[in-house]
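Undergrad: dropping a prediction and its sequence here:
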Amino acid sequence: MEYIRRSIEDLLINASKTFKGLLVTGARQTGKSTLLKELFRDIPFVTFDDPFLEEQAKGNPDMFMMLHEPPVILDEVQYVPDLFRYLKIACDSKEKKGLFYLSGSQPFKLMDMASDSLAGRIAVLELAPLSLREIERDSYKETFLPTMEYLMERKRTAKNPGNIWEIIHRGGYPELQNPEVDWSLFFSSYIKTYLERDVRELAAVQDIDAFRRFMVSCAARTGQMLNYSNIAREVGKDAGTVKSWISILEASGIVYILEPYMSSVLKRTIKTPKLYFRDTGLAAYLTRWLTPDTLANGAMSGAFFETFVISEILKSYSNRGMDYRYFVSYYRGKDKRKRISAEEVSWEEAEIDFIIEENGILYPIEIKQSNHVTAEMTSAFQVLDKIPDVKRGTGAVVCMCQSPGSLRENVLQIPYWYL
């Protein structure tokens with residue numbers, strides 16, 4: 001299978017020239033090892049998936065470091081956390097850049113290790129599953145923002161992929177871009193490896209069958225507000241256990257928790273976060289949508305389209321080395337509005353699917369699985385006008401329309417393939 005060029009490649013090359021090491025994190029099978037081996041072909045590759053090398057690094061780290069002098073690629077470093085202090089010593093003893101190239105499939109845990117031991121010495125970058133841009137071999141790399149300036153730049157290379165449901169159902173793992181790879185067999189093996197290695201590594205989960213049911217329950221709720229009690233009742237565990245297990249999925253890059261936008265002015269904000277799977281293919285496998293057609297016409301099609309759109313936006317940021325967790329959110333709350341049929345004031349629920357904050361400007365985004373959208377769908381955007389010290393920027397409806405356009409002043413319609 002041909003190698004698919006990754007949007008993050010230029011950042012990795014620059015980091016290797018300016019830092020003593022770099023760490024590529026991300027969920028299993030996102031292509032971290034392949035990426036490092038492709039970009040740095042002349043550098044020796046060592047993987048701690050090999051039990052012998054893992055035991056050697058744990059039992060005699062001094063000897064391991066002597067046998068594997070830098071520059072060296074160290075794969076799946078989450079299995080040898082004690083090695084980080086030796087990497088720090090090696091970095092401090094040399095002036096040369098590009099000494100260590102690390103990768104691992106437990107993003108949050110690895111970020112903690114790197115910040116504790118290698119702060120200032122190592123660049124940390126997240127590799128997500130393939131984006132639509134990468135799948136379509138689109139060279140555009142800038143982060144998504146719903147503005148006319150973005151649309152004018154984006155239209156130069158944007159192209160409609162045709163049947164998007166085939167891509168949503170297949171998912172973004174690089175190996176699955178080979179049509180000869182069996183979809184069900186891939187995800188069956190993926191989940192088995194994930195449960196046996198990452199779940200046991202991150203937490204002492206004894207009831208693996210219950211954790212598997214828990215994953216299915218979470219996949220069925222992608223795009224929904226996170227209700228620990230409902231999931232707990234479904235899998236037969238207490239809410240505390242479910243909350244702990246959610247943190248495992250998040251720490252290993254399986255799900256993303258989107259926090260609500262908070263402001264003291266918006267007093268009726270619902271403060272519950274929303275849950276999104278990072279790969280729609282994995283969510284489809286867990287919820288047993290076995291073909292693109294059944295997914296496209298099924299009850300969860302809207303949730304999957306929203307999950308796909310938000311995942312694509314987040315990838316545009318992570319592929320530029322940006323930690324999006326601090327400037328994206330959503331809004332849901334009950335706000336005062338006058339009913340059209342009467343003069344009385346009532347409380348009606350308003351929701352904004354996604355908000356990007358940049359330079360004190362809030363960019364609201366609505367996501368609709370439709371090829372025809374209207375300005376009325378964005379009425380909730382006006383809630384943001386109540387917030388002092390920030391400005392509401394251009395809003396947008398991301399949808400299945402055939403071309404970008406303006407719905408009204410300051411509100412755009414954007415095809416999903418412009419992301």
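TA: That came in fine, so what should we check first?
Undergrad: what residue ranges in the chain score low on pLDDT?
TA: Residues of the chain meeting the criterion pLDDT under 70: 107-117, 202-204, 264-265, 267-268, 335-348.
Undergrad: quick one, longest helix in it?
TA: helix 301-318 (DSSP state H).
Undergrad: count the neighbours of Thr147 for me.
TA: 16 (other Cβ atoms under 10 Å). (Glycine included, C-beta is placed from N, CA and C.)
Undergrad: who are the packing partners of the longest helix of the chain?
TA: helix 164-170, strand 255-258, strand 274-277, helix 280-286, strand 328-338, strand 345-358, strand 361-367 (3 or more Cβ pairs under 8 Å, 6 or more residues apart in numbering; DSSP states H and E).
Undergrad: 7 Å - rerun?
TA: Packing partners of helix 301-318 (3 or more Cβ pairs under 7 Å, 6 or more residues apart in numbering; DSSP states H and E): strand 274-277, helix 280-286, strand 345-358, strand 361-367.
Undergrad: so what touches that helix?
TA: Residues from elsewhere that reach helix 301-318 (Cβ atoms under 7 Å, 6 or more residues apart in numbering): 126, 128, 131-132, 143-144, 168, 222-224, 256, 276-278, 280, 283, 295, 324, 353-354, 367, 369, 398, 416, 419.
Undergrad: buried ones in it?
TA: Neighbour counts over helix 301-318 (16 or more other Cβ atoms under 10 Å) mark 301, 303-318 as buried.
Undergrad: contact partners for the nearest residue to Gly253 once chain neighbours are set aside?
TA: The shortest distance from Gly253 to any non-neighbouring residue, by Cβ to Cβ, 6 or more residues apart in numbering, is to Ala27 (3.3 Å). Ala27 makes contact with Ser105, Ser252, Gly253, Ile254, Arg278, according to Cβ under 7 Å, 6+ apart.
Undergrad: using ChimeraX, define a selection of the buried residues within the residues you listed.
TA: Command for ChimeraX, covering only those of those found buried under the criterion 16+ other Cβ under 10 Å:
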select :105,252,253,254,278
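Undergrad: quick one, the longest helix of the chain and strand 361-367 angle?
TA: Here the directions of helix 301-318 and strand 361-367 differ by 150 degrees (axes from the mean of the first three to the mean of the last three Cα atoms, to 10 degrees).
Undergrad: give me the most central residue, the chain.
TA: When Cα atoms, centre = their mean is applied to the chain, the residue found nearest the centroid is Arg278 (4.8 Å).
Undergrad: dump the helices and strands packed on helix 301-318 to a markdown table, plus mean neighbour count.
TA: Formatted as a markdown table, the helices and strands packed on helix 301-318 follow (neighbours: other Cβ atoms under 10 Å):
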| stretch | mean neighbour count |
| --- | --- |
| strand 274-277 | 24 |
| helix 280-286 | 25 |
| strand 345-358 | 16 |
| strand 361-367 | 22 |
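Undergrad: let's have the ones you listed in CSV, adding distance to Thr18.
TA: Below are those laid out as CSV (distance: least, Cβ to Cβ, whole Å):
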stretch, distance to Thr18
strand 274-277, 33
helix 280-286, 34
strand 345-358, 25
strand 361-367, 30
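Undergrad: which outside residues touch the helix or strand where Arg85 lies?
TA: Using DSSP states H and E, Arg85 sits in helix 83-92. With Cβ under 7 Å, 6+ apart as the test, helix 83-92 has contacts from 20-21, 57, 61, 65, 70, 77, 99-100, 113, 117-118, 121.
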